[in-house]
Structure formats: structure tokens, C-alpha cells
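> Sequence and predicted model, in that order:
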Amino acid sequence: MRTPRLLSILLLSIALVGCGNSNNTSNTSNKLRVGMECNYAPFNWTTTTAGEFTQQINETDYADGYDVVIATRIAEALGYEVEIVKTDWDNLIPALQHNEIDAIIAGMTDTETRRESVSFTTPYYISKEVIIVQAGSDVANITSIQELAGKRVIGQQGTLYDDLIDQIEGVIHEAPKADFPALVNDLKQGAVDAIVSELPVAIGVKAANPDLTFVEFSEDNGFQGSVEDASVSIAVAKDNTELRNAIQTALDKISEEERESIMADAVERQPAVSE
């Protein structure tokens with residue numbers, strides 16, 4: 001298993017070596033291929049309407065969102081065009097390993113397990129864990145995650161938010177689903193009582209669905225974990241130091257104020273999150 005991955009890393013390193021220099025043409029495609037779901041607003045979503053912040057992903061569809069803007073800013077800083085590659089969540093890291101994409105900018109948390117396969121930048125956004133529930137339900141005004149005991153709680157497959165559910169004693173941990181809109185649909189249909197999410201996503205869900213709301217918790221009564229657990233980072237192929245450092249340099253030039261502004265704008269223009 002290690003040999004094919006090493007080969008793809010070497011090929012990617014050759015293709016993108018020197019990408020920090022806009023005059024370097026070793027990448028003959030002159031594109032930075034960025035993988036994301038295009039299905040996780042406000043970080044990324046699919047739309048049929050071109051706009052100021054969108055990037056085309058096929059003949060009829062465009063990608064928009066916080067991740068798209070960040071990807072575009074980074075590619076421009078490196079002297080490349082950005083190419084958004086719509087990829088299912090579970091296939092993002094394999095796509096990186098097989099040289100189908102150059103980077104993952106998709107609201108992905110840097111974890112020890114993922115670090116075995118990819119290399120991460122520092123966080124490009126730090127969020128907060130919350131739950132999304134039906135407005136007016138018996139869990140809409142809870143103050144501790146432990147009040148979800150006996151309730152049906154769900155998270156997205158392969159994410160930290162699914163793992164966090166097990167911190168709730170006596171919870172009914174529902175089987176995760178592959179995409180976030182499916183979770184919202186389950187909640188609206190009454191199939192689950194709560195979704196574990198991050199704050200920007202929850203804000204957008206509430207804005208688009210008046211029948212839903214979200215609950216924030218104090219530090220002592222919420223999900224326990226490090227700041228890193230609530231952050232998202234950019235991933236590149238394992239040991240591709242050249243590309244990782246180039247992206248990190250470009251990322252460092254986007255101030256915290258700019259990042260918050262980009263996220264606020266993405267939340268404002270995101271579409272309804274439902275199936």
C-alpha cells in the first residue's frame with residue numbers, strides 16, 4: 001500500500017515544485033486542483049448560477065462558498081488558476097493520494113489519523129461545535145449535551161462531529177450519513193432529534209429553515225476537545241513539503257479579519273440546506 005502512495009506523492013511534487021514562484025512553469029496545466037464536496041454550505045456548495053465568487057466545475061454547475069474563496073486566493077498567490085474538483089467526502093484523501101487533486105480545502109480537521117496519510121497547513125478557520133434541532137422541540141433549550149441522553153443524535157460520516165456524539169452518556173448514536181443535506185432532511189422529517197455540527201453551518205441551516213434552530217453550550221457543558229478539534233486545515237499529499245509550504249505562505253497573508261469577513265459573506269449568500 002505504501003509504494004503506490006509514494007509514487008503519487010513524487011509525481012505531485014514534480015508537477016508542483018516551485019509553485020511559490022508565479023514565473024515557474026513546471027506545472028504545465030497552470031492549475032491548482034482543489035478537492036471539496038461542494039455540498040457543505042457555507043464552506044462549499046454547488047450552484048447553477050455564476051457569480052463573483054464562483055468557480056465552474058462542469059458545463060452547468062459552479063462551486064461557491066468559503067472554501068472556494070480561500071482556494072481562489074491561494075491559487076492566485078501561487079500564480080495558478082484554481083480548478084475545483086467536486087469529490088465525495090470519503091474520496092477526498094484517496095483522490096489526493098492518487099494525484100487526482102493537489103489539495104483538499106473542504107472544512108477538514110487536522111487529526112492524528114489523517115496525518116498518517118496527508119500533510120496539513122495550520123488552520124484556516126476555527127469554529128465551534130453545536131447541535132441543530134427542531135425549533136420548539138424538547139431539546140431546543142437544553143444547556144448541556146448530557147441532556148441528550150436517550151435522544152437520537154447523528155453526525156456526518158467520517159467527521160469529528162460524528163465521533164463527538166459518543167461523549168453523550170446514554171445517547172442513541174444514529175448511523176452517520178455521507179452528506180450533510182441528508183442529515184438536515186432526517187431532522188426535518190423527525191427521524192433524529194439532533195445533528196452535531198459546527199457553528200457557521202448551523203447558522204446557515206437555521207437561516208434557510210425556520211423550523212430548525214441550533215444550541216450552543218458553555219465550555220463546561222459542551223463537547224470536550226482541543227481548539228484543533230474545532231479547526232479546519234488545508235491538506236496536501238504526505239511529505240509534499242514544497243506545496244505545503246507554498247500554500248502556508250499564501251494562507252498566512254489572509255488576515256483573521258479577512259477570513260471572518262469571507263465566512264460572513266458566505267453565510268449570507270449560501271442556499272437553503274435541505275434535500
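Great, that's in hand. Residues are numbered from 1 along each chain as shown.
> tell me, how many neighbours does I131 end up with?
30 (other C-beta atoms under 10 Å). For the C-beta atoms, the positions are set from N, CA and C on the backbone; glycine is no exception.
> What ranges in the protein fall below the confidence cut-off?
For the chain, the stretches with pLDDT under 70 are 1-28, 226-228, 272-275.
> mind checking which helix or strand the residue nearest to the spatial centre of it is in?
The C-alpha lying nearest the average C-alpha coordinate of the chain belongs to G107 (C-alpha atoms, centre = their mean; 1.7 Å). Following DSSP states H and E, one finds G107 within strand 103-108.
> Partner strands of that strand and their direction?
Take DSSP bridges as the rule and strand 103-108 pairs in its sheet with strand 31-36 (parallel), strand 231-237 (antiparallel).
> I'd like the next helix or strand past it.
Once the chain leaves strand 103-108, the next helix or strand it forms, by DSSP H and E, is helix 112-115.
> Going by neighbour count, which residues in that following helix are buried?
R114 (16 or more other C-beta atoms under 10 Å).
> which other residues reach that helix?
With C-beta atoms under 8 Å, 6 or more residues apart in numbering as the test, helix 112-115 has contacts from 93, 108, 120, 235.
> Among the residues you listed, which pair sits farthest apart?
Pairwise distances across those (C-beta to C-beta) peak at 11.4 Å, for the pair I93 and F120.
> which residues do those two both contact?
Shared contacts of I93 and F120 (C-beta under 8 Å, 6+ apart): 114, 235.
> ok so, going back, now the residue nearest to the centre of the chain, nearest residue through space, not along the chain?
What sits nearest to G107 in space, not counting adjacent residues and going by C-beta to C-beta, 6 or more residues apart in numbering, is F43, at 4.1 Å.
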